[in-house]
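Asker: Got a predicted structure plus its sequence, pasted below:
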Amino acid sequence: MSRFDWVPSLWTETFEELFYDDNELDYGDVWTLNFNYSQTDTVTKEERKRGWKVYSHCAYGYFRCGSCNKTWPSARVVVLFRYRLRNDRGTVIMRPFRQACRRCKDDEFDFPGFEKKEVENALLRLFSKIRKNCYDEEDESDGGSSTCSAKVWTKPHEQALCEACRNGICCQDDD
């Protein structure tokens, strides 16, 4: 396992560490993190009525092509969270958006890998949104509905190779 590999357990374990050990959401409710690799940022009127909200985070991640093994970093990896609190149970559903290899150009999208610090950063921003939107606390983060990690120089973003761009929710315009 390396930083180039998509590791869902890194996200669930970090979520549990922040939730249980660091008491980031200390309100007596139980929260869980799940994955849905096809969800979008659209929340229907009916979903809104049921309490669903969306938070899109722009993270720094790494990719490895499944065909040619080429690796590349990206400062524009979109991680989409859908969340709600209902009957003392909080649910977070996450989707990492993929990128395709510039060399292969085969329309095969690869999942991102992340370092633990980046996962912690994304989840802490999410918890800040949850505290604001589910518990009426002030939002300590400095961004709007979408936020980016610290700016890091990488090669220019190629929309054609970005799954989030194709879905119209990429963070590439947040500069």
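Answerer: Nice, thanks for sending it over.
Asker: mind listing what's buried in stretch 84-91?
Answerer: Within stretch 84-91, the residues scored as buried using 16 or more other Cβ atoms under 10 Å are 84-85, 90-91. For every residue, glycine as well, the C-beta is placed using N, CA and C.
Asker: make that stretch 38-51, sorry
Answerer: Buried residues in stretch 38-51, counted by 16+ other Cβ under 10 Å: residue 41.
Asker: Return the distance of it from the chain's centre.
Answerer: 17 Å (Cα atoms, centre = their mean, to the nearest Å).
Asker: Let's test this: name the helix or strand in this protein with the lowest mean pLDDT.
Answerer: In the chain, the helix or strand scored least confidently by mean pLDDT, DSSP states H and E is strand 146-148, which has a mean of 47.
Asker: Next secondary structure element downstream of that one?
Answerer: Where DSSP states H and E defines the elements, the next helix or strand beyond strand 146-148 is helix 163-166.
Asker: if we can go back for a sec, which of the buried residues of stretch 84-91 fall in strands?
Answerer: 84-85, 90-91 (DSSP state E).
Asker: okay, the residues you listed in JSON lines with pLDDT next?
Answerer: JSON lines is the format used below for these (pLDDT from 0 to 100):
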{"residue": "84", "pLDDT": "97"}
{"residue": "85", "pLDDT": "97"}
{"residue": "90", "pLDDT": "96"}
{"residue": "91", "pLDDT": "97"}
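Asker: Can you tell me the element the residue positioned nearest the centre of the chain falls in?
Answerer: The centroid of the chain falls nearest to residue 79 when counting by Cα atoms, centre = their mean (2.2 Å). Using DSSP H and E, residue 79 sits within strand 71-86.
Asker: helices or strands up against that strand?
Answerer: With contacts taken as 3 or more Cβ pairs under 8 Å, 6 or more residues apart in numbering; DSSP states H and E, strand 71-86 sits against strand 53-64, strand 89-96, strand 99-100, helix 116-135.
Asker: Go through that strand and flag the buried ones.
Answerer: Neighbour counts using 16+ other Cβ under 10 Å place 72-85 of strand 71-86 among the buried residues.
Asker: on that earlier part again, can you tell which of the helices and strands packed on strand 71-86 is closest to residue 29?
Answerer: Smallest distance to residue 29 across the helices and strands packed on strand 71-86 (Cβ to Cβ): 5.3 Å, for strand 89-96.
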